[in-house]
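Colleague: quick one: sequence and predicted model below, then my questions.
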Amino acid sequence: MTSSAQGPSRPGRRQLLRAGTAGAGVLGVGAAAIGLDRAVRDGPPASASPGAVAVAEPAPQGGASVPFYGAHQAGVETPAPASATFLALDLHDEVDREGILRLLRLLTDDAARLTQGRAALADTEPELAAEPASLTVTVGFGPRLLERAQREAPSWLAPLPAFEIDELDEQFTDGDLLLQIAAEDPLTVSHAARMLLKDARSFTRVRWVQRGFRRSPGVQAPGTTMRNLFGQVDGSANPQLGGEHFAKVVWIDEGPFAGGTSMVIRRIRMDMDGWDEADRTAREQAAGTRLGDGAPLSGGTEFSHADFEKVSAHGFAVIPEFAHMRRARGVDDGEHQEIYRRPYNYDVAPPAGSSAISESGQLFVAFQADLAGQFLPIQRRLAELDLLNEWTTPIGSAVFAIPPGCAEGEYLGQSVLE
Amino acid sequence: MFRISRTTSTTRTTRIPARSVVLPRRAALASLLALPLAACSAGADGGSAASDEGAGAASDGGAAAGSGAISVTDPWVKAADEGMTAAFGTITNGTDADLVLTAVTTPATDMVQLHETTSDGSGGMSMQEKDGGFPLPAGEDLVLEPGGDHIMLMDLPKPLQPGDTLELTLVFSEGTEHPFTATVKDFSGAQEHYAPGEDDEEEADHEGMSGMASDGGGEHEGHK
């Protein structure tokens, strides 16, 4: 998972020493350089206080940063960090093409600085920018932004067709501009979101905000497939980051969005109370996978190919016809029905006055080069039949076009809008 | 009360860890390592160096200090529909000559002043034109920030909109000019309400200053 070119850089002790040595070789202030280097990365030097030992422990991960500039935007082919805020913004009525370009320049400059641990221009809380904690800011366009910018929207850039399982709530649906702000630390995410929103305020209003979480850094080995709030291992079938296969699945290879991708974000409410009533066998049958390790019910490990032909001693399919994994798999050998999921869990306060004890689910986030060819067939099959639908309800849905990355001096979306 | 950095090489070195909150590791190193060069560089150019524009890194000031140039780091201007506004940023004198910033010009308006902010002795802040301009000794920084010293733009003939860029030129006493480009940003602070034509300093106070950043006090010096 960490083979991605956009993976966070965590300078190790050896690099630290090398940096110091280089300084000594060049200017003879190596010792000072090492001290500075450590101070920069670790904060103030440990004093003689009782807490000094803890301060001297391995460097915290707050300094890790993900490159901002590049062929692709960061935040897609980047290991998903612990905390994410998704913002959908709607353009004010009077904002025209020229205004959109000004907005994108501001957001790009903010993102370029904040993701590298630097305060944004006019940042009123610059200290909160100091720990980027693998922060990424990813920008997506809704159809109306492109229309307003006088550029043709791709044919697929539209709300998904209505599915029978949907109970969409307007407050989590659609939007003109998406900001995916994610980092290993929620305080970093909050500050970045606030800074970006302050610069967007003249141009947009907030349509919806959705916050999600995954495991905190250091809790599991990097690359471990996440579990959702049903306890299921969720995402085993994802393409590996950093490979040619990933590029084929995710990155658009021609047209104005070449180097970009399509993004689907759906808020999936999970009926935890109903799930409580399902015993372990029923849960595994619904998913088609084992809860313990995520392996298909046909055997093997989390990453083993499922044997959909395998039948039990009683003659029943080991992976039932209604099982999620059977319905979700690409059934098109060669037609490339595959998506890259980068979901987050959500767990918010239940509605005021309700008797519910929780309100939680998943921010389902999927990236794919070809929305119509890759995502929609899978979604249609799941909407038709998937026992997990018994406990899940899509309550929000939006589609965005993710423009490619940009180089220094450019703004995000420039290749699409100019 | 001048908020001009008085840091020398020695004090600057000790300050860097505190400043590191806005510096990536490498930039901080460069800033430190550049100092010996700046101190012994002879015949440094008087300041015809290229400007550091809005996209410039926070490290540019430090790096430029070694190249004998004047540089402006992180310049920005508060958006305004009309009237007046202010420009901010950090000006670094990387040359070996002591300079005085005497004026700033911009196509945005003909009326530009250099303002300092001082405590009025009763807990409030007072802004006034800085007589004679801002001294900028060799190797030092001039930090222009909300609540502190700033470049005042008045009588704006047209709005400065967020995301616009604005050309500005620093004019130093001996005639050196240094152009740079600032980004226009929405900003809720720095609420300048200047009453032009009033001579009395007290009456020329900018309303709203008491609600501004608390670091505008006279004690502030050096980098934030």
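Modeller: In hand now; what should we look at? Worth saying up front: this structure is predicted, and the values here are computed from it rather than measured.
Colleague: B:Thr165: how many residues sit nearby?
Modeller: For B:Thr165, the neighbour count with other C-beta atoms under 10 Å in any protein chain shown is 16. Every C-beta, even on glycine, is put in place using the N, C-alpha and C of the backbone.
Colleague: quick one: the helices in the chain?
Modeller: If you meant another chain, say so; for now it's chain A. Under the criterion DSSP state H, chain A contains helices at A:13-27, A:30-42, A:52-55, A:97-114, A:143-148, A:186-200, A:244-250, A:272-277, A:280-287, A:324-328, A:376-384, A:414-417.
Colleague: actually it's chain B I care about, not the one you picked
Modeller: B:9-19, B:25-40, B:60-65.
Colleague: so A:Pro217 touches A:Ala82, yeah?
Modeller: Yes. Under the criterion of C-beta atoms under 8 Å, A:Pro217 makes contact with A:Ala82 at 5.8 Å.
Colleague: now the common contact residues for these two.
Modeller: A:Glu184 (C-beta atoms under 8 Å, 6 or more residues apart in numbering or on different chains).
Colleague: can you tell me which residues contact A:Met226?
Modeller: So A:Met226 contacts A:80, A:214-215, A:233-235, A:343, A:345 (C-beta under 8 Å, 6+ apart).
Colleague: next, format the residues you listed as CSV and append distance to A:Gly413, neighbour count and pLDDT.
Modeller: Converted to CSV, the contacts of A:Met226 look like this (distance: C-beta to C-beta, whole Å; neighbours: other C-beta atoms under 10 Å in any protein chain shown; pLDDT from 0 to 100):
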residue, distance to A:Gly413, neighbour count, pLDDT
A:Ala80, 23, 23, 97
A:Arg214, 27, 22, 97
A:Arg215, 32, 14, 95
A:Val233, 35, 19, 94
A:Asp234, 31, 21, 94
A:Gly235, 28, 18, 92
A:Pro343, 25, 22, 98
A:Asn345, 29, 21, 98
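Colleague: got those residues as CSV, with distance to chain B columns?
Modeller: CSV is the format used below for the contacts of A:Met226 (distance: C-beta to the nearest C-beta, whole Å):
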residue, distance to chain B
A:Ala80, 24
A:Arg214, 26
A:Arg215, 27
A:Val233, 37
A:Asp234, 35
A:Gly235, 32
A:Pro343, 31
A:Asn345, 31
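Colleague: between those, which sits nearest A:Ala407?
Modeller: The nearest member of those to A:Ala407, counting by C-beta to C-beta, is A:Ala80 at 24.9 Å.
Colleague: shouldn't that closest one be in contact with A:Glu184?
Modeller: No. Taking contacts as C-beta under 8 Å, A:Ala80 lies outside contact range of A:Glu184: 10.0 Å.
Colleague: now stretch A:398-411: buried residues?
Modeller: Applying a neighbour-count criterion of 16 or more other C-beta atoms under 10 Å in any protein chain shown, one finds A:398-406, A:410-411 buried in stretch A:398-411.
Colleague: what do you get for stretch A:313-332?
Modeller: A:317-320, A:322-329.
Colleague: where does pLDDT dip in chain B?
Modeller: Low-confidence segments of chain B (pLDDT under 70): B:1-67, B:191-224.
Colleague: if I look at the closest residue to chain A within it, how far off is A:Lys198?
Modeller: For chain B, the nearest residue to chain A under the criterion C-beta to the nearest C-beta is B:Gly163, separated by 2.7 Å. Between B:Gly163 and A:Lys198 the distance is 13 Å, computed by C-beta to C-beta, to the nearest Å.
Colleague: for those two, indicate the residue with more neighbours.
Modeller: For B:Gly163 versus A:Lys198, neighbours defined as other C-beta under 10 Å are more numerous around B:Gly163 (24 against 20).
Colleague: need the contact list for residue 184.
Modeller: I'll assume chain A. Counted by C-beta under 8 Å, 6+ apart, A:Glu184 has contacts A:61, A:64, A:81-83, A:133-134, A:216-217.
Colleague: actually, chain B is the one I wanted.
Modeller: B:76-79, B:160-166.
Colleague: out of those, which sit inside strands?
Modeller: B:76-78, B:165-166 (DSSP state E).
Colleague: can you tell me which of those is nearest A:Leu87?
Modeller: B:Trp76 (22.9 Å).
Colleague: so for the closest one, what's the nearest residue that isn't a sequence neighbour?
Modeller: Of all residues not flanking B:Trp76 in the chain, A:Leu121 sits nearest, at 4.5 Å (C-beta to C-beta, 6 or more residues apart in numbering or on different chains).
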